[in-house]
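# got a sequence here, can you build the structure:
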Amino acid sequence: MKINVSLQQLIIFAMDSLLPFAFICLTSFFTLTNPLGTMPVFLSMTKGLDDEQRSRIVKRATFISFIILICFTVCGQVLFSLFGISANGFRIAAGFIIFKIGFDMLQAKYSNTKLSDEEVKVYANDISITPLSIPMLCGPGAIANGIMLMGDADSWPMKATLFGSIALIYLLTYLILRASTRIVPWLGETGNNVMMRLMGLILMVIAVECFVGGLKPILIDIIKAGNNLI
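Below is the predicted model:
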């Protein structure tokens, strides 16, 4: 009987907490990483390279992005304490950053991927780190999102879900970029723009929820402080 009750409680917890949290993690990180929008830029930067060289670049870029994002996600709360930053204030700032990225994607453009020919030549020797890994696959929006979601993960299953979601997203990113030579011609410019606009809209909704979630506790504290003065 105890085993059945514990199993039932575990199922209820997974349905009420883990599944919605996992959905938010996966959708937000996928749109912020934006592997579909990165494909055309990746192909232009690796033009003239063979398949083995492209595979090596993608593998290194996704691994470096994964490590950087995990480090910031884990150490984000320490940075809050070190600099005296409140979690709610960070949520508001992260909301602005993510909203701006989502708005750019809604206009079918991605500001971090605008590279001139001179910039490509400068980074040609190690594009897997810059600009492919930073800031394209692991930019400020993804870092802010990781720190914010880590603050929401108040149990070890939720933390494991967060880390697993990051790993899964970068695995998908690796597979998508590896297949970019086949996906980009199939999607075409119109299909790529449509996908980017849809992801941008989802990202803007997540940003609004993030902003409201950070602003609401601050407003409540201000109202309580005002009532105490009265």
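# alpha carbons only for contacts and neighbour counts from here, please
Will do.
# could you identify the helix or strand that succeeds the worst-scoring helix or strand of the chain on mean pLDDT?
Using mean pLDDT, DSSP states H and E, helix 117-122 stands out as the lowest-scoring helix or strand of the chain, at a mean of 50. Once the chain leaves helix 117-122, the next helix or strand it forms, by DSSP states H and E, is helix 140-152.
# the inter-axis angle of the helix of greatest length in the chain versus helix 140-152?
If you go by DSSP state H, the chain has its longest helix at helix 180-229. Interaxial angle, helix 180-229 versus helix 140-152 (axes from the mean of the first three to the mean of the last three C-alpha atoms, to 10 degrees): 50 degrees.
# off-centre distance for helix 180-229?
11 Å (C-alpha atoms, centre = their mean, to the nearest Å).
# likewise stretch 58-76?
11 Å.
# for that stretch, the averaged confidence score.
Mean per-residue pLDDT for stretch 58-76: 92.
# list the buried ones in it?
58-66, 68-70, 72-74, 76 (16 or more other C-alpha atoms under 10 Å).
# which residues touch residue 60?
128, 129 (C-alpha atoms under 8 Å, 6 or more residues apart in numbering).
# quick one: whichever strand or helix holds it to helix 140-152, angle?
According to DSSP H and E, residue 60 maps onto helix 51-83. Orientation check (the same axes, to 10 degrees): helix 51-83 against helix 140-152 gives 50 degrees.
# shaky segments in the protein?
With pLDDT under 70 as the threshold, the chain has low-confidence stretches at 1-16, 44, 108-126, 189, 192, 229-230.
# re the thing from before, tell me which other helices or strands the longest helix of the chain touches.
The contact analysis (3 or more C-alpha pairs under 8 Å, 6 or more residues apart in numbering; DSSP states H and E) places helix 180-229 against helix 19-33, helix 35-45, helix 87-106.
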